[in-house]
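[1] Return atomic coordinates for the entry below.
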Amino acid sequence: MTSSATPIPSAGSAGKSVYSYNLAIMTAYAKPLGIPVVSPVPLFNNSPLNGNPNLFMANASLEVAQTLLSRKAGEYFDNNIVLIHSDSAGVDQDVKNFKEKIFAEMSNRIPYEEIRFKEFLFYNRSAFDNDSVNRLSHALSKEMDNTIIIASEEAPVISETLQEIHGLSKRFPVRVFGYPSLRMLDNLEPKYLFELDILVYSPYWIDYSRKDVREFNNDFRHKFLTEPPEMSYAWLGYDIAYYFLSGLAIHGNDFLVHPEIHNPDLLHTQFDFQRKSMSDGFENQKLYPVKFSKDYEVVLMPEIMP
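    Next comes the predicted model:
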């Protein structure tokens, strides 16, 4: 029963490194035999796809989330954009790439010199005592809206930053965007998410009003005497198994080369598998724009058109 409701692991970089290491062992064995491999866990990046045409990443990497977030930030080109991260050494390539994506989107809307962008380096409260909130306030504007992007998957960074933004939101007009991992934190007071009206790009969205979702819940409850939490491999495992087994049954091996020909109705997510070249593996590009509204509702927002 426990394994059926195993929660999707949090997005810590150490955990992702372990998963990537294990995945490398599996793909090294499967590749020469032509055996398809599906990775259900979030990974640090999509580099395992390089040279592995039979590898499928069911969870979108951080790069996909950054692309969507930068497009969303581009809608607020006339805002004061504040990017918060913890790369004090300035060596994190993910942060550098994200900044480039944001500037590229902004430059499509307004002249480069008119972009209002501030980079805020996170330090924990013990480093600055009570002056931590004041540091962040200096990056915000009272004359215009502030769009804040929390570019971190580290729980302490997200938690402390949201608390500080929440306190400052009474004095500054703010909107907040976050990485998918923000939705997976289990030690964060929900009020920070809802009262800040946070937008998160989530790897899943479950519509409990749908008949098939209700039936799955009922079957699960009957067998395990509980319901699967949203962040559970019970949902993702079902979707992966149904997607790949039905794809192979209907389309044969053509499905493994062109997965876009198969679009079944799934429970927890959708799969939009794409790859950079014929010699590389596939990465799911699907993330859902989910907002925690001030009405204390979790709502699905309209998709951004490419």
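[2] Can you pull out the low-pLDDT segments for the chain?
    Across the chain, residues meeting the criterion (pLDDT under 70) sit at 1-18, 125-133, 304-306.
[3] go again using 90 as the cut-off
    Residue ranges of the chain with pLDDT under 90: 1-25, 41-48, 86-94, 122-135, 154-156, 181, 183-188, 230-232, 302-306.
[4] can you pull out the strands in it?
    37-39, 55-57, 80-85, 117-121, 146-150, 174-178, 199-202, 273-274, 282-284, 288-292, 298-300 (DSSP state E).
[5] In JSON lines, list the ones you listed along with distance to H222 and mean neighbour count.
    (C-beta placed from N, C-alpha, C; glycine too.) Converted to JSON lines, the strands of the chain look like this (distance: least, Cβ to Cβ, whole Å; neighbours: other Cβ atoms under 10 Å):
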{"stretch": "strand 37-39", "distance to H222": "28", "mean neighbour count": "18"}
{"stretch": "strand 55-57", "distance to H222": "31", "mean neighbour count": "24"}
{"stretch": "strand 80-85", "distance to H222": "45", "mean neighbour count": "22"}
{"stretch": "strand 117-121", "distance to H222": "50", "mean neighbour count": "15"}
{"stretch": "strand 146-150", "distance to H222": "40", "mean neighbour count": "25"}
{"stretch": "strand 174-178", "distance to H222": "36", "mean neighbour count": "23"}
{"stretch": "strand 199-202", "distance to H222": "28", "mean neighbour count": "23"}
{"stretch": "strand 273-274", "distance to H222": "33", "mean neighbour count": "16"}
{"stretch": "strand 282-284", "distance to H222": "30", "mean neighbour count": "24"}
{"stretch": "strand 288-292", "distance to H222": "28", "mean neighbour count": "20"}
{"stretch": "strand 298-300", "distance to H222": "26", "mean neighbour count": "13"}
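[6] In TSV: the ones you listed, plus distance to A104.
    Listed next are the strands of the chain as TSV, based on distance: least, Cβ to Cβ, whole Å:
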stretch	distance to A104
strand 37-39	29
strand 55-57	24
strand 80-85	13
strand 117-121	12
strand 146-150	15
strand 174-178	17
strand 199-202	18
strand 273-274	20
strand 282-284	20
strand 288-292	20
strand 298-300	27
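[7] out of those strands, nearest to L267?
    Nearest of those to L267, taken as Cβ to Cβ: strand 288-292 at 13.3 Å.
[8] what's near enough to touch L55?
    L23, T27, P36, V37, S39, P48, L49, G281, F282 (Cβ atoms under 8 Å, 6 or more residues apart in numbering).
[9] now, among the residues you listed, which is nearest to F224?
    Closest to F224 out of the contacts of L55 is S39 (25.2 Å), distances taken as Cβ to Cβ.
[10] what's the distance between the closest one and A58?
    S39 sits 6 Å away from A58, going by Cβ to Cβ, to the nearest Å.
[11] ok, now D94?
    Distance, D94 to A58, using Cβ to Cβ: 20 Å.
[12] With neighbour numbers in mind, choose between these two.
    A58 (23 against 19; other Cβ atoms under 10 Å).
[13] Quick check, that one in contact with N284.
    Yes - using Cβ atoms under 8 Å, A58 is in contact with N284, at 5.5 Å.
[14] okay, and the common contacts of these two?
    With Cβ under 8 Å, 6+ apart as the test, A58 and N284 both reach T269, F271.
[15] of all the contacts of L55, which comes closest to Y208?
    S39 (27.3 Å).
[16] Next one: the closest one relative to V64, how far apart?
    The gap separating S39 from V64 is 14 Å, by Cβ to Cβ.
[17] Equivalent analysis for P40, please.
    Per Cβ to Cβ, P40 is found 16 Å from V64.
[18] Compare these two (neighbour count), which wins?
    V64 (22 against 16).
[19] That one and K170: what is the separation?
    In this view, V64 and K170 are 34 Å apart by Cβ to Cβ.
[20] again, but for A28
    A28 is 54 Å from K170, where distance means Cβ to Cβ.
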